[in-house]
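Peer 1: need a structure here:
(2 chains)
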Amino acid sequence: RKEVEQDPGPFNVPEGATVAFNCTYSNSASQSFFWYRQDCRKEPKLLMSVYSSGNEDGRFTAQLNRASQYISLLIRDSKLSDSATYLCVVNPYNFNKFYFGSGTKLNVKP
Amino acid sequence: NAGVTQTPKFQVLKTGQSMTLQCAQDMNHNSMYWYRQDPGMGLRLIYYSASEGTTDKGEVPNGYNVSRLNKREFSLRLESAAPSQTSVYFCASSPARGTQYFGPGTRLTVL
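Peer 2: Residues are numbered from 1 along each chain as shown, chains lettered A, B, ... in the order given. Take a look at the predicted model:
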């Protein structure tokens, strides 16, 4: 079983829509969780960390559900510039190792 | 502030050739990483270095060697390149507890 699993998509949504992605992780001892954004042929960049209490940054909201072992990312009022691949990242028990999901592709259409 | 830099950006090798990918960071981070990214596979960890002088294997270390030359630099060597090593290689660094910062990547093709 993979450490981190994501729906590859693509999610095709119109501008202004709300879209949500989930990511499941296999190791219940996981400690740190992140969402990264990756544009085509570019390096991944941190979008936001995911805290136990959930956190919000503008149009983006991240949630952690430890009981069901998943994290989620909600994007409100989608913009064309949100089109990218969103990577879920989990640090299971060792801060020196991070496991990446294969990414969920989002296409925001005019 | 350059962050994480990688050289070269592109490389084409023939099977059996060797090369070294260079990575440097100027953020004074302790930990550094090498990943490869293949279509549909996500990023897979090749090797990492928790601190200067230490290196450990990741998920896919076969066919690679690494050197943590000093705190700033972490190199990845392919001794005898194979077509299966055609990929995009990313270097990253992170502080002791925290997020990773990535370099721009090296696109390697092995013929």
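Peer 1: helix or strand for the residue positioned nearest the centre of chain B, which one?
Peer 2: The centroid of chain B falls nearest to B:Trp34 when counting by Cα atoms, centre = their mean (3.1 Å). Element membership for B:Trp34 (DSSP states H and E) is strand B:31-38.
Peer 1: show me what that strand is packed up against.
Peer 2: strand B:19-25, strand B:42-49, strand B:64-68, strand B:74-78, strand B:87-94 (3 or more Cβ pairs under 8 Å, 6 or more residues apart in numbering or on different chains; DSSP states H and E). C-beta coordinates here come from the backbone N, C-alpha and C atoms, glycine included.
Peer 1: one step back: quick one: the residue nearest to the centre of chain B from A:Ile75, how far?
Peer 2: With the distance defined as Cβ to Cβ, to the nearest Å, B:Trp34 ends up 31 Å from A:Ile75.
Peer 1: tell me which residues touch residue 88, please.
Peer 2: In the absence of a named chain, chain A is used. A:4, A:6, A:21, A:23, A:25, A:33-35, A:71, A:73, A:100-101, A:103-104 (Cβ atoms under 8 Å, 6 or more residues apart in numbering or on different chains).
Peer 1: oops, chain B please
Peer 2: Per Cβ under 8 Å, 6+ apart, neighbours of B:Val88: A:Arg41, B:Arg36, B:Gln37, B:Asp38, B:Gly105, B:Thr106, B:Arg107, B:Leu108.
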